[in-house]
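Colleague: got a predicted model here, sequence first, then my questions.
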Amino acid sequence: MRPANLVLLICIAYVAVLFAVAYVGDRRARSGESGWLQSPVVYTLSISVYCSSWTFYGAVGSAARSGLEFATIYLGPTLVFIGWWVLLRKLVRIGHEHGVTSIADMISSRYGKSVPLAALVTLITVVVSMPYIALQLKAVTTSFQVIGHAGPDPLAGLPIAGPDFRLGFWITVGLAVFTILFGTRNIDAKEQHHGVVAAIALEAVVKLVALLAVGVLVVWGIGDGWGAIFERAPAGLIAGEDAFGPRWIATTFLAGAAIICLPREFQVMVVENSDERHLRTASWLFPLYLFLICLFILPIAIAGLAFLPRGSNPDMFVLTLPMWAGQDTIAMLAFLGGFSSATSMVIVACIAISTMISNHIAMPIALQLNWVRVGVSGEVRRFLLLSRRVSICALLLLGFLYFRLSGAPGALASIGLIAFAGVAQFLPCLVGGIFWRHANVHGALAGLGAGALVWAYTLFLPSFGFLVTGEVVSQGLFGLPWLRPNALFGMSGVDPLVHAVFWSIGINVALFVAVSLAREQRPLERLQATLFVDVFRTPADAASGLIRRTARVQDLSVLAQRILGSDEARELFALAAREQGLDGPMPIANDAFISQLERKLAGSVGAASARAMVSQVVSVETISMDELVRLADETQRARAYSRELEEKSRQLEATAQQLGEANERLKRLDGEKDDFLGQVSHEVRTPMTSIRSFAEILRDTPGLEPERSARYLGIIHEESVRLTRLLDSTLDLGLLERGEAPLDIAAIDPEQALEGSIAACQGLAAKCGVLLERGESAGAVTVQGNADRLSQVFINLIANAIKYNTSTQPRVRVSSRQSAGSYEVLVEDNGPGIRPEERERVFSKFMRGSAHTQTHEKGAGLGLAISWQIMRRLGGDLTLDAAPGPGARFRVAMPLARG
Amino acid sequence: MSAVPGRLRDAASILPVAGLVLLMPPVITLFAAAGAGVAGVPLIVIYVFGTWMGLIASAALLARRLR
């Protein structure tokens, strides 16, 4: 059998296996037992549709030409994936919440379900896909030619002069049939293709295994280990002088943008995602896949340069090296790997883009021109399917045209980078839209349009000499040198790719930001912006109350049946009716239900078209501005509010603490008051009891001897005086404490008061047998005070010292002096002193020292408290010194009068 | 490493930035300049793939613990 036929046969067999996998996948998904189909590993493998034949063949070609630069194409996505928490998680969540069907749907939905924006994104996608699909066609065609090449010497006739376009055309046709069969068999309610994903995952495994097999063969079969291979590297290949310059940055950026913005990546990553948690695994597993893919790229490139004849096509090293080594099985595996990478890319890209074309271009036009009547059974579904099939054929044909027109002379990688630079134009409005709430549709349209134009002019059109011919490239548009595609505004001497990326992305971002700032958002746009930016806080149904619409439920039912199919529509309506608590199959067409239905339809035809369709059957539509403003500002307010709350709770805490302290103080005061009252009662009761009992004796005993009655009357009088004194003291203390006792302050001589006080106490001292001494004297001093009150203090202190002195040779010594601007009086005794535990409370009301109990002298216990208050009022102090010997020492201190 | 979710989230947000710094000029040029390698493999290749693997390992660790 001729090798070409054998290859064809193997290809057909392989495709049959893929079909079987897809079929089983679809069956299992439909019967609800998805199991392994919806595992994180399958999800990750489906994302690796990123590795198209550009990777499989082109990476080695790129490595053979410019060393490590090939790695940037995989480092960019690695950085995006390990940063999944910031960006991808939000994209996937929005995709789930809003039933997003494609990147165009996502962008248009964010900017108020704008139909023109969706159409523009779709258009750019179609144009960008031309070089990308052409790249796959070129790779498959060339690999077919290489492996199908017959002859005894496996490499005879190589390098092949050019691609065989006839073969390329038939490959295109084959791919179109293949894709239509795979991707457009049915229209799911949500645009998910479980069968396709399963087949893609299988292809991902095949291409990884194939590339690893070739790598192992090269490193340990052809070469002699890593070191030996790298020794054969041409000088300057691995790390040239300017390998890590602007081009390194630009390609990393483009690859990072591409993994987010490529329609097929968006399809598998966001639309086909069945569980947000899968992203968690993919965040490291996908970078690991890329790492493994890249591991052997450099050795294969070096080996190809070293062993294969000069002039061999580096893009085919993966295939020609095993052939040169006589390893036909590995060569066939490599061919299948390349075939897998090309077909998976074409299938997914075509499904994604055809969905976009049918939803965002064909459907709006059809609705506008009344090609489809929404009310007619099956027409919308038929129209969607037809438009998708036509789109797939058109896309592949366009790809083939590009392939044919350009002749695809460049390396695979350089064609791919043109496509990357094109899709990167979506990045500003996509990322800006989900993080910046004021980004608006005018900004998105302006940025996207201008960026795409610059891209087309500087990179895309020159790549196949269409419109922008060699003359324009060298002379500039209209002969204007500053409009040369490779040196816009005079920026020459820069790598064309870096130049194009700089200008297109720069102008794109600048216009996007400037126009967004200059224009107002429409209400619906503002609503969508809030829902997208705050997706983690605001669920999609939060909007349902905002849009007020009325429609006949029959009209809605008809619409739903046309698009979703009658079974699913009936189920949806019955469920809604049950949720509304109704018995019948029809719910009430309230705002919530219409919004729910619109989201459901959007899952099939995209948000913009769904909105247009629903608008056809809705009679009145208003967006409640107040509600919208409320929702839009809710999060900001929530943030401000939580800040306020924090502040308030801090204040409250402080207040509570103050309140607690005040409460403690009040409780203490209250307790003191109770104590005081109790003590006053107690103090009053003792003399009262004695007065009462003696009065009773006098009353009840007639004929009492006159001396006895006189004695009793004397006691009654004495006790009454004591009582009066006690009450006077209590009143006095109360007045002093409240600061109400009038005190006439004047310049006085305290020594005079002290001498008077000592003289007044001499009698008491003599009576008690106490020696009252006068110690040193302060001399002539003047203080601001009240002489009577001061005497009261001195007499109280001296009298206490005399009365409670239990010493056998009792002595009291009074001295005064001036020290450091104050006048001091010391009253010392050699009595029992005051116990340390009593020192603190000695100035409290009704406090009596323990000595009190040892003498028969009875005081009210208010003397020291009153004295202390008086000294305080006079601006001085009364303290109890830590006495050096036995006995107590009280110190009265007052500031000296100035001048 | 701590299990405080806020700090893990911050780490997850900073990881790609760290990767960017390590893999972009001027840091990467430091390793391109040095000629020597390990067992015949140029240093820059070891650096790029080593950093890559390190990033993947960090991402795997974080993904496991992030909530």
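Modeller: Everything's here; your move.
Colleague: so what's the residue count around the residue in the stretch 651-800 of chain A that chain B sits nearest to?
Modeller: In the stretch 651-800 of chain A, no residue comes nearer to chain B than residue A:653, which is 22.8 Å away by Cβ to the nearest Cβ. C-betas here are computed from N, CA, C, even on glycine. Neighbour count for residue A:653, taken as other Cβ atoms under 10 Å in any protein chain shown: 10.
Colleague: show me the contacts for residue A:397.
Modeller: The contact partners of residue A:397, by Cβ atoms under 8 Å, 6 or more residues apart in numbering or on different chains, come to A:172, A:176.
Colleague: residue contacts, the residue of the stretch 651-800 of chain A closest to chain B?
Modeller: Under the criterion of Cβ under 8 Å, 6+ apart, residue A:653 has no contact partners.
Colleague: against residue A:571, how distant is residue A:578?
Modeller: 11 Å (Cβ to Cβ, to the nearest Å).
Colleague: residues of chain A that sit close to chain B?
Modeller: Contact residues (Cβ under 8 Å from any Cβ of the partner chain) of chain A with chain B: A:68, A:71, A:75, A:78-86, A:225-228, A:230-231, A:233, A:238-239, A:243-245, A:248-249, A:252, A:280-281, A:283-284, A:287-288, A:291, A:294-295, A:298.
Colleague: hmm, residue A:41 is touching residue A:286, no?
Modeller: No. In this structure, residue A:41 is not within contact of residue A:286 by Cβ atoms under 8 Å, at 10.5 Å.
Colleague: more neighbours, those two?
Modeller: residue A:286 (28 against 14).
Colleague: and that one, what pLDDT?
Modeller: Note for residue A:286: predicted pLDDT of 94.
Colleague: so what's it up against?
Modeller: A:44, A:47, A:48, A:77, A:81.
Colleague: closest to chain B among those?
Modeller: residue A:81 (7.3 Å).
Colleague: surely that closest one forms part of a helix?
Modeller: Yes. Membership of residue A:81 in a helix is supported by DSSP: H, G, I helix; E, B strand; the rest coil.
Colleague: what's the burial count for it?
Modeller: Other residues lying near residue A:81 total 29 when counted by other Cβ under 10 Å.
Colleague: my guess is it meets residue A:282, correct?
Modeller: Yes. Using Cβ under 8 Å, residue A:81 is in contact with residue A:282, at 6.8 Å.
Colleague: quick one: contacts for the closest residue to chain B within the stretch 151-300 of chain A?
Modeller: Per Cβ to the nearest Cβ, residue A:227 is where the stretch 151-300 of chain A lies closest to chain B, at 2.4 Å. The contact partners of residue A:227, taken as Cβ under 8 Å, 6+ apart, are B:39, B:40, B:41.
Colleague: and the pLDDT at it?
Modeller: Reported pLDDT for residue A:227: 84.
Colleague: please identify which helix or strand holds it.
Modeller: Under the criterion of DSSP states H and E, residue A:227 resides in helix A:226-231.
Colleague: look up phi and psi at the residue lying farthest from the centre of chain A.
Modeller: Ranked by distance from the centre of chain A (Cα atoms, centre = their mean), the top residue is residue A:703, with 102.9 Å. The phi and psi values for residue A:703, taken as degrees, to the nearest 10, are phi 80, psi 30.
Colleague: that one and residue A:695, how far apart?
Modeller: 17 Å.
Colleague: assign a three-state SS to the residue in the stretch 501-650 of chain A that chain B sits nearest to, would you?
Modeller: Closest to chain B within the stretch 501-650 of chain A is residue A:536: 12.1 Å, counting by Cβ to the nearest Cβ. The assignment at residue A:536 comes out as coil when based on three-state DSSP.
Colleague: I'd guessed it sits against residue A:93; true?
Modeller: Yes. Residue A:536 is within contact range of residue A:93, at 6.7 Å (criterion: Cβ under 8 Å).
Colleague: with neighbour numbers in mind, choose between these two.
Modeller: Between residue A:536 and residue A:93, counting by other Cβ under 10 Å, residue A:93 is the more crowded of the two (18 against 12).
Colleague: pretty sure residue A:816 sits in a strand.
Modeller: Yes. Under three-state DSSP, residue A:816 falls within a strand.
Colleague: how close does it sit to chain B?
Modeller: Distance, residue A:816 to chain B, using Cβ to the nearest Cβ, to the nearest Å: 69 Å.
Colleague: list the contacts for that residue?
Modeller: Contacts of residue A:816 (Cβ under 8 Å, 6+ apart): A:750, A:751, A:754, A:775, A:776, A:777, A:778, A:823, A:824, A:825, A:826.
Colleague: next one, pLDDT for it please.
Modeller: 89.
Colleague: what sits closest to it if chain neighbours are left out?
Modeller: Sequence neighbours aside, residue A:778 is the residue nearest to residue A:816 in space, at 4.2 Å (criterion: Cβ to Cβ, 6 or more residues apart in numbering or on different chains).
Colleague: let me know how buried the one you found is, in neighbour terms.
Modeller: Residue A:778 has 18 neighbouring residues, counting by other Cβ under 10 Å.
Colleague: got phi/psi on it?
Modeller: Per degrees, to the nearest 10, the backbone of residue A:778 is at phi -80, psi -20.
Colleague: distance of it relative to residue A:749?
Modeller: In this view, residue A:778 and residue A:749 are 10 Å apart by Cβ to Cβ.
Colleague: and what of residue A:423?
Modeller: In terms of Cβ to Cβ, residue A:423 sits 103 Å off from residue A:749.
Colleague: compare those two (neighbour count), which wins?
Modeller: residue A:423 (26 against 15).
Colleague: what does chain B put close to chain A?
Modeller: B:9, B:12-13, B:15-17, B:19-20, B:23-25, B:28-29, B:32, B:37, B:39-42, B:44-45, B:48-49, B:52-53, B:55-60, B:62-63, B:66.
Colleague: what about burial for those, which qualify?
Modeller: B:12, B:15-16, B:19-20, B:23-24, B:28-29, B:32, B:37, B:41-42, B:44-45, B:48-49, B:52, B:55-56, B:58-60, B:62-63, B:66 (16 or more other Cβ atoms under 10 Å in any protein chain shown).
Colleague: follow-up on the earlier one: got the contact list for the residue nearest to residue A:816?
Modeller: Contacts of residue A:778 by Cβ under 8 Å, 6+ apart are A:750, A:751, A:816, A:817, A:818, A:823, A:824.
Colleague: list only those of those residues flagged as buried.
Modeller: Buried residues within the contacts of residue A:778, counting neighbours by 16+ other Cβ under 10 Å: A:750, A:751, A:816, A:823, A:824.
Colleague: what residues are up against the last one?
Modeller: What it means is residue A:824. A:778, A:816, A:817, A:818, A:891, A:892, A:893, A:894.
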